[in-house]
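*Asks:* Generate coordinates for the sequence data below:
(chains A and B)
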Amino acid sequence: MDETTTAVAHQFDDAAQQHEASTLGMWVFLATEIMFFGGVIMGYTAYRALHAGAFEAASRHLDIVLGSLNTAVLLTSSLTMALAVRSAQVGKRTSIVVFLVLTMLLGVAFLGIKGIEYHQKFVDHLVPGVGFSFSVRYARDAEMFFYLYFVMTGLHALHMIAGVAVVGAMAVKAARGRFTPGYYTPLEMTGLYWHFVDIVWIFLFPLLYLVGNRV
Amino acid sequence: MNGHILPVRVYVTVFAALLALLAGTIMAVYVNLGGFNTVVSLTIAVAKALLVILFFMHVRFSGRLVWIYVGVGFFWLAILLALSMSDFLTRARVPYAGG
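*Replies:* Residues are numbered from 1 along each chain as shown, chains lettered A, B, ... in the order given. Prediction:
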């Protein structure tokens, strides 16, 4: 075990206590993130409850194939992230780096697919603003749906960009041998963040793409 | 350190379950279940989130204190949604009758 990387900060009794403090701190941060996304989900819930028909009509204009593909991409990235942490637990330095790079690539693929979808929305005049165009009956409330769509997926995409950057930093650390089976807390916390962003998408997918049915 | 190393098999099984749930939720949207479409899609989302939280995020193998911290985040979200919607859904839709 590498003595320098397993040092316990003076305020902790032992490594286990230090590790639990890190985990709890990370979950406190994630609780603030739940509330951050919670505000916009609250707004979404109120508008959808009041304008269910418009939301269902607007939702059908989202590309369910690309949305489903992106969900699969993100679920796969969570698997590679979990396997990166496991590789650190068993001390396989090379496979930590490989799994982290795979996680980054899947994250970038997600953002690329999201970009294709955004582009399509501009082409179809579904971006809220002066160019917005929708069947007259639902136009006003459908515009609100697309406003929420861009805010929710946009905030999520920002979290993905931050995630890709942090995973990249962890890949560099891993390549330099900073993680051992005795100490890999930063990698583990990065994993918690990545999985959390995945969970946000797990909820955004049905809320945005699966409103009502597509029969 | 934390001492809980799961076999790769567990992660792959959870991943397969996540993909199966994704396939299920996509198929369900092509069936007209009325109001239950939303119930089905959100129930599946909760199931997927639980799998990620319990296994990928190792909460299943963490101490009670971690469970409490995880729980309160979602509990606060439930308060936000429940109290706000109790307002939005019960506002009387009657025309203004004042002078």
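*Asks:* so where do the helices sit in chain B?
*Replies:* For chain B, the helices defined by DSSP state H cover B:8-28, B:36-51, B:64-88.
*Asks:* which other helices and strands contact the last one?
*Replies:* Packed against helix B:64-88, as judged by 3 or more Cβ pairs under 8 Å, 6 or more residues apart in numbering or on different chains; DSSP states H and E, are the following elements: helix A:15-50. Heads up, the C-betas are built off the backbone N, CA and C, glycines and all.
*Asks:* neighbours around residue B:90, how many?
*Replies:* A count of nearby residues for residue B:90, using other Cβ atoms under 10 Å in any protein chain shown, gives 7.
*Asks:* Next one: it from residue A:51, what distance?
*Replies:* 17 Å (Cβ to Cβ, to the nearest Å).
*Asks:* Ok, residue A:99 next?
*Replies:* 43 Å.
*Asks:* Tell me which of those two has more neighbours.
*Replies:* residue A:99 (25 against 18).
*Asks:* Need the three-state assignment for that one.
*Replies:* Residue A:99 falls in the helix class when you classify it by DSSP: H, G, I helix; E, B strand; the rest coil.
*Asks:* ok, and the closest non-adjacent residue to it?
*Replies:* Of all residues not flanking residue A:99 in the chain, residue A:84 sits nearest, at 3.6 Å (Cβ to Cβ, 6 or more residues apart in numbering or on different chains).
*Asks:* Spit out the contact partners of the residue nearest to residue A:75 when sequence neighbours are not counted.
*Replies:* Nearest non-adjacent residue to residue A:75, counting by Cβ to Cβ, 6+ apart: residue B:18, 4.8 Å away. When contacts are counted by Cβ atoms under 8 Å, 6 or more residues apart in numbering or on different chains, residue B:18 touches A:75, A:78, B:48, B:51, B:52.
*Asks:* Check residue A:70 too.
*Replies:* Residue A:70 is in contact with A:110, A:113, A:114, A:201, A:205, counting by Cβ under 8 Å, 6+ apart.
*Asks:* Next one: it from residue B:84, what distance?
*Replies:* The gap separating residue A:70 from residue B:84 is 29 Å, by Cβ to Cβ.
*Asks:* How many residues are close by residue A:129?
*Replies:* Applying other Cβ under 10 Å, we find 9 residues neighbouring residue A:129.
*Asks:* Next, it: phi, psi?
*Replies:* The phi and psi values for residue A:129, taken as degrees, to the nearest 10, are phi 140, psi -160.
*Asks:* now it: how far from chain B?
*Replies:* 26 Å (Cβ to the nearest Cβ, to the nearest Å).
*Asks:* Over to residue A:193?
*Replies:* Residue A:193 is 10 Å from chain B, where distance means Cβ to the nearest Cβ.
*Asks:* what does residue A:144 give?
*Replies:* 14 Å.
*Asks:* now that residue, nearest residue through space, not along the chain?
*Replies:* Distance criterion Cβ to Cβ, 6+ apart; nearest residue to residue A:144, sequence neighbours excluded, is residue A:47 at 5.4 Å.
*Asks:* Kindly report the same for residue B:39.
*Replies:* residue B:33 (7.9 Å).
*Asks:* That neighbour: neighbour count?
*Replies:* So residue B:33, with other Cβ under 10 Å, has 15 neighbours.
*Asks:* Contacts only, for residue A:148.
*Replies:* By Cβ under 8 Å, 6+ apart, the neighbours of residue A:148 are A:40, A:43, A:44, A:47, A:208.
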